[in-house]
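Student: When you get a sec, could you give me coordinates for this:
(one chain, ligands or ions: 1)
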Amino acid sequence: MLSEKSRPIIEATLPLVGERLGSITPNFYNRMFTAHPELLDGLFSRANQRNGEQQKALAGSIAAFASHLVANPDTVPEQVLSRIAHKHASLGITEDQYQIVYKYLFEAIAEELADVITAEIAEAWTEVYWLMADALIKIEKGLYARQANDKMWTPWKVVEKKPAGIGCVTFVLEPADDTPVTVAVPGQFVSVKVTLPDGLRQCRQYSLSADVDSTTRRVFTTKRDDGGEVSPVLHNNVQVGDVLELSNPYGDVTLEDGDGPLVFATAGIGCTPSASALRSLADNGSDREVMVLHAEKSLEAWALREQMTEDIERLDGANLQLWLEEPTDGYNSGFMSLQDIELPADASVYVCGPLPFMKSIRSQAIAAGIPATKVHYEVFGPDLWLASAN
Ligand SMILES: NC(=O)C1=CN([C@@H]2O[C@H](COP(=O)(O)OP(=O)(O)OC[C@H]3O[C@@H](n4cnc5c(N)ncnc54)[C@H](O)[C@@H]3O)[C@@H](O)[C@H]2O)C=CC1
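Tutor: Numbers count the residues shown, from 1 in each chain. Now for the predicted structure:
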């Protein structure tokens, strides 16, 4: 709970802090990585540091958290924190690292707000920081406790590497030691750690694309991002027989149990979590009404086309609509539009794809009468939605 003393101070300084977050966050990361270069090895993404996305995401989440506390001092924004905690847990973040972040973040705040900061302002923001950190630490402890093992990383051997649409590859892995394996649920992801050519270790999150409930296999599908650092290594260097380090499965945008209708609205490589959901529904003989809406550049670009169409055929209640940017007979052309789609009123809608796609589909679904709480979306990488919403 934000104290009565701090609330007016946060309210009064939020606009100024918001304005200066653009300089506070790079100052913070520079200080932290100078003092702790080891944090870039296997924890923070170097690519997202270089392109500034990590800075924007951190700034966005702090601003969102503080704004929430000013409006509702007695609660925390559960959904925002849950998403961050799942990502943190997949990276193996530990409690002591919050102390490190605090030290350098507050040194950066002191420097960037030197002209206005007082002891009261620093104290009020310290309170906000620890409200957020303590809430995250608590959720992360709960997530770690739910795993079948107490390891942050375990070795998995690549047993298959197969093409899956233009520029996409599916990896199938099996445990390379006898650590107990946590069963995942559809929609969850694992962090995958690889060693880059210059020796630095880097992780990325990939949604499991099939067989989530297996204790002997992990399956994920990636699209090569030539501007990125990890997917080119996975696509070009990693071969069958190699061993990768994987986290336990995390992610809170998961398929809800029940009988209600489901809508999966996906674009591009964002089809992976819905592919695992379809596989799981088909394997369990589900008779739920399932509407699969997918947007792609072309049919050939659709990763997991075969797997998804097979599973849709196995499901009596499922149907598919495609939007292709390359005009193709028999399919909708251009970007996805829900205008002529009759969404079941009580549907749970799962949206995954590039950010502009998710924003567009979420708004269209809400305009069509789906309550915002029933529109779930998964953001890969730093949560720039949050950053851009503030
Ligand atoms: N949930 C997430 O956070 C996801 C993020 N991404 C990000 O997006 C990047 C591109 O993913 P790709 O599969 O290469 O996507 P892409 O660039 O191939 O686009 C896939 C489809 O998304 C739709 N789309 C793209 N821009 C749109 C817009 N402005 N409005 C409406 N629809 C739009 C189009 O139908 C397009 O064919 C990835 O590298 C990743 O960073 C991708 C998938 C999931």
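Student: Could you use CA atoms for every contact and neighbour count after this?
Tutor: Noted.
Student: who are the neighbours of the longest helix seen in the chain, in terms of helices and strands?
Tutor: In the chain, with assignment by DSSP state H, the single longest helix is helix 6-35. Helix 6-35 is packed against helix 53-71, helix 95-112, helix 119-145, with contacts defined by 3 or more CA pairs under 8 Å, 6 or more residues apart in numbering; DSSP states H and E.
Student: just the angle between that helix and helix 95-112, please?
Tutor: Using axes from the mean of the first three to the mean of the last three CA atoms, to 10 degrees, the direction of helix 6-35 lies 100 degrees away from that of helix 95-112.
Student: Could I get the buried residue list for helix 6-35?
Tutor: 6-7, 9-10, 13-14, 17-18, 21, 23-29, 31-32 (16 or more other CA atoms under 10 Å).
Student: okay if I get the helices and strands packed on helix 6-35 as a markdown table plus mean pLDDT and distance to the ligand?
Tutor: Output for the helices and strands packed on helix 6-35, formatted as a markdown table (pLDDT from 0 to 100; distance: least, CA to the nearest ligand atom, whole Å):
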| stretch | mean pLDDT | distance to the ligand |
| --- | --- | --- |
| helix 53-71 | 86 | 11 |
| helix 95-112 | 95 | 25 |
| helix 119-145 | 96 | 21 |
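Student: Highest mean neighbour count out of those helices?
Tutor: Per residue and on average, the most neighbours among the helices and strands packed on helix 6-35 fall to helix 53-71, with a mean of 20 (mean count of other CA atoms under 10 Å).
Student: Helices along this structure, start to end?
Tutor: So, for the chain - with DSSP H - the helices run 6-35, 46-50, 53-71, 78-91, 95-112, 119-145, 231-236, 272-283, 305-314, 355-367, 384-388.
Student: could you give the angle of the third one to helix 78-91?
Tutor: Between the axis of helix 53-71 and that of helix 78-91 there is an angle of 140 degrees, by the same axes, to 10 degrees.
Student: For the helices of the chain, give me JSON lines that also has distance to residue 164.
Tutor: As requested, the helices of the chain are exported to JSON lines (distance: least, CA to CA, whole Å):
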{"stretch": "helix 6-35", "distance to residue 164": "37"}
{"stretch": "helix 46-50", "distance to residue 164": "25"}
{"stretch": "helix 53-71", "distance to residue 164": "28"}
{"stretch": "helix 78-91", "distance to residue 164": "25"}
{"stretch": "helix 95-112", "distance to residue 164": "38"}
{"stretch": "helix 119-145", "distance to residue 164": "32"}
{"stretch": "helix 231-236", "distance to residue 164": "12"}
{"stretch": "helix 272-283", "distance to residue 164": "11"}
{"stretch": "helix 305-314", "distance to residue 164": "8"}
{"stretch": "helix 355-367", "distance to residue 164": "22"}
{"stretch": "helix 384-388", "distance to residue 164": "27"}
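Student: Residue 221: which of those is closest?
Tutor: helix 272-283 (6.9 Å; CA to CA).
Student: Quick check: residues of this structure near the ligand?
Tutor: 225, 267-270, 295-297, 325, 335, 352-357, 378-380 (CA under 6 Å from any ligand atom).
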